[in-house]
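1. What follows is a predicted protein model with its sequence.
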6 protein chains.
Amino acid sequence: MKKTLACCLALLISAHVSHAQQPQTPRLEDLHDKTILVFTPHPDDDVFGAGGTIALLNRNHNKVIIVIYTNDDKGSFDPEMNSQRLAQIRRAEEEVSQGILGTPKENIIWMGYDDGMLEYAPQPKLTEEATAIIRRIRPDVLLSVDPGEWYERWHMTDHRMAAFNTIDAVRAAEFHLYFPNQRLQQGLQPYKVPEMYFFYPSPQEANYFVNIDSVAELKFDAATSQVSQFQPAASKYRPDWDPEDLAKAKAELRDLQTRKDGHFVEAFRRSTGFNPD
Amino acid sequence: MKKTLACCLALLISAHVSHAQQPQTPRLEDLHDKTILVFTPHPDDDVFGAGGTIALLNRNHNKVIIVIYTNDDKGSFDPEMNSQRLAQIRRAEEEVSQGILGTPKENIIWMGYDDGMLEYAPQPKLTEEATAIIRRIRPDVLLSVDPGEWYERWHMTDHRMAAFNTIDAVRAAEFHLYFPNQRLQQGLQPYKVPEMYFFYPSPQEANYFVNIDSVAELKFDAATSQVSQFQPAASKYRPDWDPEDLAKAKAELRDLQTRKDGHFVEAFRRSTGFNPD
Amino acid sequence: MKKTLACCLALLISAHVSHAQQPQTPRLEDLHDKTILVFTPHPDDDVFGAGGTIALLNRNHNKVIIVIYTNDDKGSFDPEMNSQRLAQIRRAEEEVSQGILGTPKENIIWMGYDDGMLEYAPQPKLTEEATAIIRRIRPDVLLSVDPGEWYERWHMTDHRMAAFNTIDAVRAAEFHLYFPNQRLQQGLQPYKVPEMYFFYPSPQEANYFVNIDSVAELKFDAATSQVSQFQPAASKYRPDWDPEDLAKAKAELRDLQTRKDGHFVEAFRRSTGFNPD
Amino acid sequence: MKKTLACCLALLISAHVSHAQQPQTPRLEDLHDKTILVFTPHPDDDVFGAGGTIALLNRNHNKVIIVIYTNDDKGSFDPEMNSQRLAQIRRAEEEVSQGILGTPKENIIWMGYDDGMLEYAPQPKLTEEATAIIRRIRPDVLLSVDPGEWYERWHMTDHRMAAFNTIDAVRAAEFHLYFPNQRLQQGLQPYKVPEMYFFYPSPQEANYFVNIDSVAELKFDAATSQVSQFQPAASKYRPDWDPEDLAKAKAELRDLQTRKDGHFVEAFRRSTGFNPD
Amino acid sequence: MKKTLACCLALLISAHVSHAQQPQTPRLEDLHDKTILVFTPHPDDDVFGAGGTIALLNRNHNKVIIVIYTNDDKGSFDPEMNSQRLAQIRRAEEEVSQGILGTPKENIIWMGYDDGMLEYAPQPKLTEEATAIIRRIRPDVLLSVDPGEWYERWHMTDHRMAAFNTIDAVRAAEFHLYFPNQRLQQGLQPYKVPEMYFFYPSPQEANYFVNIDSVAELKFDAATSQVSQFQPAASKYRPDWDPEDLAKAKAELRDLQTRKDGHFVEAFRRSTGFNPD
Amino acid sequence: MKKTLACCLALLISAHVSHAQQPQTPRLEDLHDKTILVFTPHPDDDVFGAGGTIALLNRNHNKVIIVIYTNDDKGSFDPEMNSQRLAQIRRAEEEVSQGILGTPKENIIWMGYDDGMLEYAPQPKLTEEATAIIRRIRPDVLLSVDPGEWYERWHMTDHRMAAFNTIDAVRAAEFHLYFPNQRLQQGLQPYKVPEMYFFYPSPQEANYFVNIDSVAELKFDAATSQVSQFQPAASKYRPDWDPEDLAKAKAELRDLQTRKDGHFVEAFRRSTGFNPD
């Protein structure tokens, strides 16, 4: 595999190379007029993990596109809830939530897998689908849950699968001989993703922090607009908030948002690609 | 399953019911301004099995859409051939071939599966994909290889799988609870296919014959424009015909074309749907 | 495989052997105090296919046990229906329906697979589960949809899979080395099913007819008590019938019920087992 | 797929073509110095289905090679039997049995799949393995269980899978682009099987009968040397026969052996290949 | 997914929260009259990993239930051993072993998967089965092998799969929309496991130590009662110990048992659930 | 599972035991007249990861056998490349490359899986195949990519799968009840691999370093003889090097080769087996 040399060498030299490279690249939050592709397992991980950064990117006139692996149709404690209805609720909430962050609803792509079942989606079909999206969108920057985090510890299913599948698709997208019919039949040329930022990194590996002070409240608004993800709606669905509950939820989010040097930040593991050469 | 009553009853009464219904329905070759959806395992079965009928339908200003399950990238005896190249050749040949029959190339949908491997495509994903096509195109008539033929005798793989998968998708398309995310996330409403004609029927079961006298030569032109499917190009690829070989191939096709009462015909098994009620 | 000799020989001699055997066996409808195991793909096929016979068997103090492969949670045209609710409805309807035929609800075993997805249930796990049921119940007679019918023509999925899986389980149940942990860990000894009757046979192969005149109305009551399987409830769910609709539905059932020599009958293909030895 | 034209045409013209061809081909039982490849699901189907023919072929100095899909390790009623031991017994019995028919034990290839589980063998890996055998042995004639018989009625598993897989491998073997690494890495060139004879045909489709009068007793000896397949050893294993039981078993075999015009025959469905071109 | 917020927040604040919570919860070894559910890949990991703790829990009148994923039927060097027999031996040994620790044999649930093949068990069926057990038993505490340990390094198969599957089932058990038929057809309500202790943790992550001084000898007795797991019986099976070998084996166990501050301990990673909210 | 005791104990005592053992074992680079089995995902990882060590082992008259999981037929940026041709190129390059290191081409075993698709190879078939190789070759030492490295972070596919599968096969090879037909039908006896060295270890876990000063140039020659793996041939294939490019590539390799105490070394994680006892 072509990757091998580059990759094993990169492991040996990653320390100094990465230091050398970083000064030359503009900061993520300073990008403008770029295409940003965000892969998320469920319609809330994008907001919790990178909502502030997404708001900043939209503010800078980047084109942000959200790809959501699953329809999130199982995570409710409400005994009256059913999956068809929950999927509808989650979809509507995500559209509101991303709207607050500045992403138009036409930029949300739903892959449509069932909640909690991504691990059992047919492989390598799932990779093929994500590869087609990458080759079509041709993003300048890709955001995803971190395949380096120990998700397998808690989440054998969606998070781990989304993370691995996205990175597999990044590799496959580079080589036209992966899924060659995409070139022939859909006109999709190979594409090399130049930069990746992984949200939900393990604390020891976070190597990139975006200051979100200026959009933090926007993020908390976006997060809490996904009402069904919070109590009391998680246990007995209602479409809106009691003002007091809302205030409390936001306070909790504020309290728990990662901070660095006194600022609200979002943590990432930055990587310059699968095949650096 | 809703189908059960209708279906088992239908089995008991199919003889007289089908007689009763047929007079009221216009003949397939007389349709005009309808949408016709053709599912074919490889880019030549549509021509061999229903090419004359397709030509008639196009002549009558119907919108004919061809869905091709596989890329047909293995069936060559040429030792220098490779799969990527063969897929390109087969695609180009199909576009020429359907063009002769009057189908514009934009109306050809390639599902992109590997030749001979359809049996191993992930299930029920394959059904889900065909269901989405049916729900989007919403055809007045559907053509497909016959799931009732004993394809399993010779073709465990593509033909049988294409036939079964198409009929499974016809059933699934009717009920919104099959693949419910298609309604939610892609806006695809359930759809009931009113009429189906199966080509390549078993001789005992063919119950519908379309006179193709007026387009027979067009059909033989279309068939032979798929040069790589015939000798000598099958064994040593060349993109064109030696005139003598071409004449011989067409003569053979003429000779072998099904005839009925002195006319060229294409044989079908007609069915008024999975859920007749 | 032990079966081979018996089986291939049986094929050669089946005609006269079966004639010889039949006089010695009591008629199905005359059995009493036996255990009868019925496998059905959905909670209505048992009623449509063998409801009259089940009523007769219950009347004769046999213990009838119904095993239902799927929860039948997709077959509705009602756009407001969801799968969780439909499964509840279908379960309740089946209990009423079998109650009319004399089967107590404790005798209904739900295997719990999703409607239309039995084909994709994990194999050979599905066979293992049916085998365990057979080894536990140890039926004198087994009823099932007919694996000899051309279900694959219309029903790639549930019907075919239920038919094949049941017959596979009948074979596996005989040999303790199939799923040997059932003997070790659940105390289930091998068991040979002595007689099988397949409902929904192909017309040419039906070889056994049960006169159901005396319970025909019971059968139509049972069938129509599954309200959601019929119009108008299939398209817009309501739990009860408009009296006029009900009368019409029953009339239609009466009209369509198989008749032989002026009597209502249910048709079966009878078989004396996988390994007649 | 290259096959299509040849194949669908062949269906239409098979009647007269096959009559035309047969006079020119030598009879199966008259072949000499040829390579014959026999695929069998279990180590006894070859003997029951074609043992006499195999004896004739060996007598004529053909090289007969037997490929056995499964190890037949489940078909015993003996409660003390275990699978590891049964596989050993079956292997030894097959070697004796084929030895009686003249096949040396070096000519027996065991594919090693578990009894009753061939349906669940990984696909298309199973086809790939059978394809490699065909490309390596390059047989003049191939014998197999009949994929046209309705095995699915009784044997969802091994027989049907063996039949379908063999015919799939026959097709794949012709085209170097199926499993192309076999050519590159194992030096296996594509190969077209010229003639096939299917044993265990359906009675209506048997079209070829081999007179085995001269080797019938050899066949019954070979069959009964597989002691564990018969009673009483099937229920309580013993390695040898009580003479009386043996005489009775042979008498039964003699009685059940297919006869035609007063002769012992073995019935086949003959086919001149997947791609007659 | 509902879990997301709670979970990612939990990662950020886990340090201080866990300190805060622990004082309020009674120690594992002090529980009484509770239900404890132990998942183990093989019938010996429960004893090696948590046998002392199990003995303490039984002594305190808790109800301990052991769920064993596999039958452990491959791990013998004895060339005369077969899988059916080994499964019997392992089952009997486990019953003796748990009996020594105070667990009655009725409390042992065998899931019945083949040794070394758990990775290939059908998914998500395996999760569904474990979920049903959790929803039925409704344990106050769950013990399992640690999904956080790097089992994949050594044990791609059973240990990793058992660990991941158990934690997946813990999550699924909480939400009624996972495997909804369990509620409908088996009356199993959702259930949230309040506390989990993982045995076989990685040394860096062990955060909970149970003093087993008072039951250490009981544990060594229980462990060595699984004779077939030790030499010499592992290489040549015998059902009992030579007294000298036994003494040596126990000495070795004593020597290797984890110690902390001069006491025999069992190490765990404690977790207060998947969805702490 | 037999492994459990040995293994969990080993974890606890690995530090001092490994120190104790190492003095008694000869150094890897001092072995002679031994059999060395190397498993590699692609035909270049063996050279990059252990090429110097392989050269030393060949120089010492060991028999080195290379097993290559995939055909490496996708990793090219050349838009004119196709998979069949790339597989040929990679095979030829590997033969040259290993020839430089002293391994004859007859000692290279190609398992033949498609590049990037090893993750989707049928399991446990893949383990069964690797197990058969180990049982047949019976190596004194096994080399493989490291299953302990976090390959899943970057390579969900081939590297991780090759690593895990090899270690799974090492375990299975020890026990005759794993894949028991290999003993019965292929005469393959169980075999315990005594020593393993994993290349591409994580830096923190490398515990064994082989000085390759004397063969370093040979390694760089071998590596660069795989022309298609480097630029410019990776982007536009040419079979040979421009001398200047070659010099630059070698300089880069020299620069990146791991060094320790001023020497070129290859780093490994050494392990004395799955079941140390």
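-> Great, that's in hand. Residues are numbered from 1 along each chain as shown, chains lettered A, B, ... in the order given.
2. all strands for the stretch 1-150 of chain A, in order.
-> All strands of the stretch 1-150 of chain A, identified by DSSP state E, counting those that start in this stretch, fall at A:35-40, A:63-70, A:108-113, A:141-145.
3. In chain A, where is pLDDT below threshold?
-> A:1-24, A:148-156, A:273-277 (pLDDT under 70).
4. which residues in it form helices?
-> A:3-21, A:45-59, A:83-101, A:125-137, A:151-154, A:158-174, A:181-186, A:216-224, A:243-256 (DSSP state H).
5. Mean neighbour count and distance to chain E for the strands of the stretch 1-150 of chain A - can I get that in TSV?
-> No exception for glycine: its C-beta is placed from N, CA and C like everyone else's. Formatted as TSV, those follow (neighbours: other CB atoms under 10 Å in any protein chain shown; distance: least, CB to the nearest CB, whole Å):
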stretch	mean neighbour count	distance to chain E
strand A:35-40	25	10
strand A:63-70	25	8
strand A:108-113	21	12
strand A:141-145	26	10
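6. okay, the ones you listed in JSON lines with distance to F:Lys248 next?
-> Converted to JSON lines, the strands of the stretch 1-150 of chain A look like this (distance: least, CB to CB, whole Å):
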{"stretch": "strand A:35-40", "distance to F:Lys248": "34"}
{"stretch": "strand A:63-70", "distance to F:Lys248": "39"}
{"stretch": "strand A:108-113", "distance to F:Lys248": "43"}
{"stretch": "strand A:141-145", "distance to F:Lys248": "31"}
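7. follow-up on the earlier one: Throw the helices of chain A into JSON lines and include mean neighbour count and distance to E:Arg59, thanks.
-> Formatted as JSON lines, the helices of chain A follow (neighbours: other CB atoms under 10 Å in any protein chain shown; distance: least, CB to CB, whole Å):
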{"stretch": "helix A:3-21", "mean neighbour count": "16", "distance to E:Arg59": "51"}
{"stretch": "helix A:45-59", "mean neighbour count": "26", "distance to E:Arg59": "45"}
{"stretch": "helix A:83-101", "mean neighbour count": "21", "distance to E:Arg59": "45"}
{"stretch": "helix A:125-137", "mean neighbour count": "22", "distance to E:Arg59": "50"}
{"stretch": "helix A:151-154", "mean neighbour count": "22", "distance to E:Arg59": "32"}
{"stretch": "helix A:158-174", "mean neighbour count": "27", "distance to E:Arg59": "39"}
{"stretch": "helix A:181-186", "mean neighbour count": "18", "distance to E:Arg59": "64"}
{"stretch": "helix A:216-224", "mean neighbour count": "22", "distance to E:Arg59": "48"}
{"stretch": "helix A:243-256", "mean neighbour count": "14", "distance to E:Arg59": "41"}
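8. closest to E:Ser214 out of those?
-> helix A:151-154 (32.4 Å; CB to CB).
9. residues near A:Ala267, how many?
-> Using other CB atoms under 10 Å in any protein chain shown, A:Ala267 is surrounded by 23 other residues.
10. Identify the bridge partners of it.
-> On the basis of DSSP bridges, A:Ala267 is bridged to A:Phe209.
11. on that earlier part again, so which of the strands of the stretch 1-150 of chain A is nearest chain F?
-> Chain F sits nearest to strand A:141-145 of all these, at 12.3 Å, using CB to the nearest CB.
12. That closest one: how far from the chain's middle?
-> Distance, stretch centre to chain centre, for strand A:141-145: 5 Å (CA atoms, centre = their mean, to the nearest Å).
13. That one and chain F, any residue contact?
-> No - legend: contact between strand A:141-145 and chain F by CB under 8 Å from any CB of the partner chain is lacking; minimum distance shown is 12.3 Å.
14. follow-up on the earlier one: chain C is nearest to which of the strands of the stretch 1-150 of chain A?
-> The closest of these to chain C is strand A:108-113. By CB to the nearest CB, the value is 14.9 Å.
15. neighbouring strands for the closest one, and are they parallel or not?
-> strand A:63-70 (parallel).
16. Okay then, goodbye and thanks.
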